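A.B. asks: Following is a predicted model, sequence given first.
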Amino acid sequence: KKLGFEKENLILLHNMHLFDEKANVLKQELLNYPEIISGSISSFLPVPSSSNNSVVFPDGDRNAMVSMFQWTVDEDYIDTYKMKLVEGRALSREYGTDSLAVVVNQAMLRQIGWTEGLGHFLELYVNEQGETAKYKIVGVLEDFHYQSVKENISPMLMSLGRLMGVGNRGYYLTLRYESDNTQEVINLLEKKWKEFAPNHPFEYSFVNERFNDIYFQEQRIGKIMRIFTALAIIIASLGLFGLAAFIAEKRTKEIGIRKVNGANLGSIFMLFTSDIAKLVLISFVLAVPFTWYIMDQWLNNFSYRIDIHWAVFVLSGLFSFMIALLTISYHAYIAATKNPVDALKYE
């Protein structure tokens with residue numbers, strides 16, 4: 001699934017709120033190293049982290065109230081996560097008016113019913129006394145996933161300034177790095193951390209790992225299913241192996257008579273495997289509708305999902321047939337190459 005941001009090569013330094021104003025100093029010093037491409041300080045990440053939800057009034061219309069997530073970020077957030085702007089520009093401290101500016105996502109436009117964001121503003125509460133301020137929309141982000149794909153992408157906005165209940169201090173420093181040796185980058189960050197905060201533990205994580213944690217349950221189900229699939233194949237193969245031995249013993253004299261009458265190795269082999277092939281085909285026909293229904297119901301748990309292509313079942317059927325063929329091939333070959341004289345003597 002296209003996420004709307006690039007999660008690879010992103011490392012997070014935790015507890016940045018301990019630095020106060022020195023957080024930006026640490027960020028700038030780290031950007032002087034060639035391994036560090038860009039960095040951003042924020043409490044909000046496109047993976048499970050802090051969240052802040054509030055009410056906004058599109059163009060100040062009190063009858064068109066919309067609830068959405070509010071993220072306070074710095075000016076490098078969009079570039080660091082490589083998010084795509086479909087309209088306008090990113091937030092920047094070079095514009096003095098951007099303290100009262102926001103960037104929104106496409107989901108917000110759809111929620112309100114706007115075709116474009118530029119030229120509009122959002123009225124937001126700025127304190128607990130009910131005072132509001134107008135925030136001009138300067139950019140629109142392509143929708144990106146900051147929740148599980150089980151959920152629809154919700155409306156959200158980003159701001160440089162202070163909104164109600166959202167401080168300017170960030171808890172994470174996100175750094176995009178470029179290095180073949182990740183451990184070197186970690187060592188560099190730890191060294192700098194000890195210079196700035198020697199009395200606090202150095203903690204870090206990777207954005208891609210935090211993203212994968214969202215789907216821990218699905219990964220666990222996948223692992224369990226692979227184990228049970230392997231067990232099912234082994235048990236089924238043992239059953240087929242025993243069935244093949246039974247068929248070979250039951251049709252020994254018949255196979256001997258056919259060979260005496262001129263049947264070749266290929267025809268004997270096909271005769272032997274035809275019965276089992278029919279059983280595999282019947283089981284395949286019975287299994288497909290049930291399997292499709294169960295998997296389709298599971299996929300319906302996700303707002304963003306794939307469709308089950310018919311080729312999946314065709315390939316599964318061919319794979320099942322090949323396993324069955326390989327399983328019975330030993331007994332089929334022994335039966336087809338056995339001396340017909342011995343077969344005719346068989347009682």
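C.D. replies: Received, thanks.
A.B. asks: quick check, residue 293 in a helix?
C.D. replies: Yes - under DSSP: H, G, I helix; E, B strand; the rest coil, residue 293 falls within a helix.
A.B. asks: Could you report the neighbour count for it?
C.D. replies: As a burial measure, residue 293 scores 10 neighbours (other Cβ atoms under 10 Å). (Each C-beta comes from the backbone N, C-alpha and C, glycine too.)
A.B. asks: What's the separation between it and residue 324?
C.D. replies: 24 Å (Cβ to Cβ, to the nearest Å).
A.B. asks: same check, this time on residue 241
C.D. replies: 10 Å.
A.B. asks: Which stretches in the stretch 151-300 of the chain count as strands?
C.D. replies: Remark: strands assigned in the stretch 151-300 of the chain by DSSP state E, counting those that start in this stretch are 156-159, 172-177, 204-206.
A.B. asks: Put together CSV for those, with distance to residue 184 on each row.
C.D. replies: Below are these laid out as CSV (distance: least, Cβ to Cβ, whole Å):
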stretch, distance to residue 184
strand 156-159, 32
strand 172-177, 9
strand 204-206, 14
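A.B. asks: between residue 241 and residue 324, who's got more neighbours?
C.D. replies: Remark: of residue 241 and residue 324, residue 324 carries more neighbours, 21 against 14, as counted by other Cβ under 10 Å.
A.B. asks: per-residue pLDDT, that one?
C.D. replies: On pLDDT, residue 324 comes in at 84.
A.B. asks: Not counting its neighbours along the chain, what's nearest residue 93?
C.D. replies: Excluding its sequence neighbours, the residue lying closest to residue 93 (Cβ to Cβ, 6 or more residues apart in numbering) is residue 75, at 5.3 Å.
A.B. asks: Count the residues that sit near the one you found.
C.D. replies: 15.
A.B. asks: Dihedrals phi and psi, it?
C.D. replies: phi -70, psi -10 (degrees, to the nearest 10).
A.B. asks: For it, give its distance to residue 44.
C.D. replies: Residue 75 is 14 Å from residue 44, by Cβ to Cβ.
A.B. asks: who does the one helix or strand residue 12 maps to touch, helix- and strand-wise?
C.D. replies: Element membership of residue 12, judged by DSSP states H and E, is strand 10-13. Other helices and strands packing on strand 10-13, by 3 or more Cβ pairs under 8 Å, 6 or more residues apart in numbering; DSSP states H and E, are strand 172-177, helix 182-196, strand 204-206, helix 207-214.
A.B. asks: Of these, which is nearest residue 335?
C.D. replies: Closest to residue 335 of the helices and strands packed on strand 10-13 is helix 207-214 (Cβ to Cβ; 50.9 Å).
A.B. asks: Alpha carbons of that closest one, as CSV, please.
C.D. replies: Output of helix 207-214 as CSV, limited to C-alpha atoms (Å, rounded to 0.1, in the frame of the first residue of the first chain):
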residue,chain,number,x,y,z
VAL,A,207,10.0,4.6,12.1
ASN,A,208,9.7,1.5,10.0
GLU,A,209,9.8,-0.8,13.1
ARG,A,210,7.1,1.3,14.8
PHE,A,211,5.0,1.1,11.6
ASN,A,212,5.4,-2.7,11.6
ASP,A,213,4.2,-2.8,15.2
ILE,A,214,0.8,-1.6,14.0
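A.B. asks: Pull out the buried residues from that helix.
C.D. replies: Buried residues in helix 207-214, counted by 16 or more other Cβ atoms under 10 Å: 207, 210-211, 214.
A.B. asks: What is the lowest-pLDDT residue among the residues you listed?
C.D. replies: residue 214 (84).
A.B. asks: Look up the closest residue to that one, ignoring the ones flanking it.
C.D. replies: Nearest residue to residue 214 in three dimensions, chain neighbours excluded: residue 148, at 5.1 Å (Cβ to Cβ, 6+ apart).
A.B. asks: Would you mind giving the secondary structure of the one you found?
C.D. replies: coil.
A.B. asks: For it, give its distance to residue 19.
C.D. replies: Taking Cβ to Cβ, one finds residue 148 at 31 Å from residue 19.
A.B. asks: who has more neighbours, those two?
C.D. replies: Neighbour totals were compared for residue 148 and residue 19, and residue 19 leads with 21 against 16 (other Cβ under 10 Å).
A.B. asks: Surely the more buried one touches residue 197?
C.D. replies: Yes - Residue 19 lies in contact with residue 197 (Cβ atoms under 8 Å); the separation is 6.8 Å.
A.B. asks: quick one, what contacts residue 71?
C.D. replies: 42, 44, 52, 156-159, 166 (Cβ atoms under 8 Å, 6 or more residues apart in numbering).
A.B. asks: again, but for residue 97
C.D. replies: With Cβ under 8 Å, 6+ apart, residue 97 has these contacts: residue 136.
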